[in-house]
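[1] predicted model, plus sequence, below.
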Amino acid sequence: MDKVIEIHNIVKNYQVGSVIVRALRSVSINIERNEYVAIMGPSGSGKSTLMNLLGCLDTPSSGSYILNGTDVSKMEDDYLAEIRNKEIGFVFQTFNLLPRYSALENVTLPLIYAGVAKAEREKVAIETLVQVGLADRMTHKPNELSGGQRQRVAIARALVNKPSIILADEPTGNLDSKTSIDIMGLLDEIHRQGNTVIVVTHEEDIAKHAARIIRLFDGEVSQDYRNEKYVKA
């Protein structure tokens, strides 16, 4: 199988005053291309630390992380930033949209960082906004959009560079239940189109969308299993 993520014996320690916090303790996980994975765990389990490492926002204290064939575990920040922009599309609970920019301008940002010419990036951004159902909201700014529409803009921004992974951190945390169902339906569709999707969540009903569930406890993988209820439409 084609592995997009290979992490082996990952350890992450933090120094807090005179105390060493062992956030991750020898975690090993492989994720195949086009898998749909939920990472779960209570507060303090290490799931946020693992998400930061998977997203190349941080590096491990020890162990290896191979992302799409590249060892990123000891990379300097500048190289990590390049890898992030190319390989990972982030979807955050708080949307993280720039308030003075339109939906279209927000979605074009990763393409600007990637050096894509203006005409091409507008074309790709428009296509991506159409894909997430926002053809009629491209010129609207975030404060003119509902929470669900803002999250769709964030998902379009995550998709626009055609990354190896969509990494969604509590993607429905700021949404009502009906809008949450719509957004998870969109992530399901994105997965069906061939994207690798990783959702970090503490909500069981959100995790049930994934084909595989990884549970962390005290910095270790406590469970890693296939979701038997998952049916690929």
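    That came in fine, so what should we check first? Residues are numbered from 1 along each chain as shown.
[2] the residue nearest the centre of the chain: which element?
    Closest residue to the average C-alpha location of the chain: L167 at 0.9 Å, with CA atoms, centre = their mean. Element membership for L167, per DSSP states H and E: strand 165-169.
[3] quick one: strands adjacent to that strand?
    Strand pairing for strand 165-169, using DSSP bridges, gives strand 88-92 (parallel), strand 196-200 (parallel).
[4] among those strands, show me which one is buried the most.
    strand 196-200 (a mean of 25; mean count of other CB atoms under 10 Å). Every residue, glycine included, has its C-beta placed from N, CA and C.
[5] next SSE downstream of that one?
    Strand 196-200 is succeeded, C-terminally, by helix 204-207 (DSSP H and E).
[6] re earlier: going by mean pLDDT, which of the strands paired with strand 165-169 comes out lowest?
    Sorting the strands paired with strand 165-169 by mean pLDDT places strand 88-92 lowest, at a mean of 93.
[7] for N106, see how far away P99 is.
    Per CB to CB, to the nearest Å, P99 is found 9 Å from N106.
[8] alpha carbons of the helix-or-strand element of the chain with minimal mean pLDDT, as CSV, please.
    Sorting the helices and strands of the chain by mean pLDDT, DSSP states H and E puts helix 77-87 at the bottom, at a mean of 89. The C-alpha trace of helix 77-87 is given here as CSV (Å, rounded to 0.1, in the frame of the first residue of the first chain):
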residue,chain,number,x,y,z
ASP,A,77,11.4,25.8,10.4
ASP,A,78,11.8,27.3,6.9
TYR,A,79,11.7,23.9,5.2
LEU,A,80,8.8,22.7,7.4
ALA,A,81,6.8,25.8,6.3
GLU,A,82,7.4,24.8,2.6
ILE,A,83,6.3,21.2,3.3
ARG,A,84,3.2,22.4,5.2
ASN,A,85,2.1,24.6,2.4
LYS,A,86,2.6,21.9,-0.2
GLU,A,87,1.5,18.7,1.6
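[9] which stretches in this structure count as strands?
    For the chain, applying DSSP state E gives strands covering 3-16, 19-32, 36-40, 62-67, 70-71, 88-92, 165-169, 196-200, 212-217, 220-226.
[10] remind me which residues of this structure are low pLDDT?
    Within the chain, the stretches with pLDDT under 70 are 1, 229-233.
[11] spit out the contact partners of the closest residue to R212 other than its chain neighbours.
    Spatially, and ignoring its direct neighbours in sequence, R212 is nearest to V37 (4.8 Å; CB to CB, 6 or more residues apart in numbering). By CB atoms under 8 Å, 6 or more residues apart in numbering, the contact list for V37 reads I31, V197, I198, V199, A210, A211, R212, I213, I214.
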